[in-house]
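In: Attaching a predicted model along with its sequence, questions to come.
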Amino acid sequence: GTRCEAYTCSTGSGRECKVCRSQSDRTAHGHCAECNPGYFLSDGFCQAYDCRTGGGESCASCAPQGSRTTKDHCATCNNGYFLKGAHCQEYACVKGAGTQCESCQPVPDRRVDSHCASCNPGYELVGQFCVAFRCGTGQGTGCASCVSQDNRTVHDQCATCNQGHYMAGTRCEAY
């Protein structure tokens, strides 16, 4: 006659079960109910979360197997990318008018979002960002009026001077 045998299951580390399925729920040897950290359940068996390294959005280095909670779980990212959750994301850079970048740093050189390489006319690069050349009006050697923002090349660039003052380069001086 035919003899029936129970499906076996043992617990352990790595790909082995953390918790086995109950005897009555097993349909194969080693049928798991729960997996160890760094592994996921697939059709009753534990599979490792794989992780690949490479350039761009790929991981520079992977999280240790036991710490992984998803496929391609990164520990570190390549230059120009940052860790968002478990994955690497490119630092974004939007070009536009005003304080937005005229041109952006190449992705591998970016250290923050909107890491500018150059600024629009009337703006200067301070660290990684574009800042307007400021200009205020005032009495005496202050500007009577300022050069329009897009035409400024320095701070306090006067277009006109107050009475009794003259233009000396970009500033006003007393006669």
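Out: Ah, there it is.

In: Can you give me every residue that contacts residue 88?
Out: Residue 88 makes contact with 57-60, 74, 77-78, 81-82, according to Cβ atoms under 8 Å, 6 or more residues apart in numbering. Yep, even glycine has a C-beta here, placed from its N, CA and C like the rest.

In: Of those, which belong to strands?
Out: In strands, defined here by DSSP state E, the members of these are 59-60, 74, 77, 81-82.

In: Filter the residues you listed down to the buried ones and hand me the ChimeraX line.
Out: Only the buried entries of the ones in strands among the contacts of residue 88 go into this ChimeraX selection, using 16 or more other Cβ atoms under 10 Å:
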select :59,60,74,77,81
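
In: Of the ones in strands among the contacts of residue 88, just say which sits nearest to residue 168.
Out: The closest of those to residue 168 turns out to be residue 82 (Cβ to Cβ; 47.3 Å).

In: and stretch 106-115, which residues are buried?
Out: 107, 110, 114-115.

In: wait, I meant stretch 91-100
Out: Buried-residue list, stretch 91-100, by 16+ other Cβ under 10 Å: 91, 93, 100.

In: again, but for stretch 57-65
Out: Buried positions in stretch 57-65, judged by neighbour count with 16+ other Cβ under 10 Å: 58-60, 62-63, 65.

In: which SSE is residue 19 in?
Out: Assessed by DSSP states H and E, residue 19 sits inside strand 17-20.

In: Output the contacting helices and strands for that strand.
Out: Helices and strands touching strand 17-20, by 3 or more Cβ pairs under 8 Å, 6 or more residues apart in numbering; DSSP states H and E, are strand 32-35.

In: Could you spell out the sheet neighbours of the strand it packs on, each with its direction?
Out: Here strand 32-35 is paired, per DSSP bridges, with strand 17-20 (antiparallel).

In: rewinding a little: greatest separation within the contacts of residue 88: which pair is it?
Out: Counting by Cβ to Cβ, the most remote pair of the contacts of residue 88 is 58 and 82, 13.7 Å apart.

In: so where is the chain shaky, pLDDT-wise?
Out: Counting by pLDDT under 70, not a single residue of the chain qualifies.

In: Try it again at 90.
Out: Residues of the chain meeting the criterion pLDDT under 90: 1-5, 94.

In: ok so, going back, Throw the buried residues of stretch 106-115 into JSON lines and include distance to residue 3 and secondary structure, thanks.
Out: Shown next, in JSON lines, are the buried residues of stretch 106-115 (distance: Cβ to Cβ, whole Å; DSSP: H, G, I helix; E, B strand; the rest coil):
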{"residue": "107", "distance to residue 3": "65", "secondary structure": "helix"}
{"residue": "110", "distance to residue 3": "67", "secondary structure": "coil"}
{"residue": "114", "distance to residue 3": "72", "secondary structure": "coil"}
{"residue": "115", "distance to residue 3": "71", "secondary structure": "coil"}
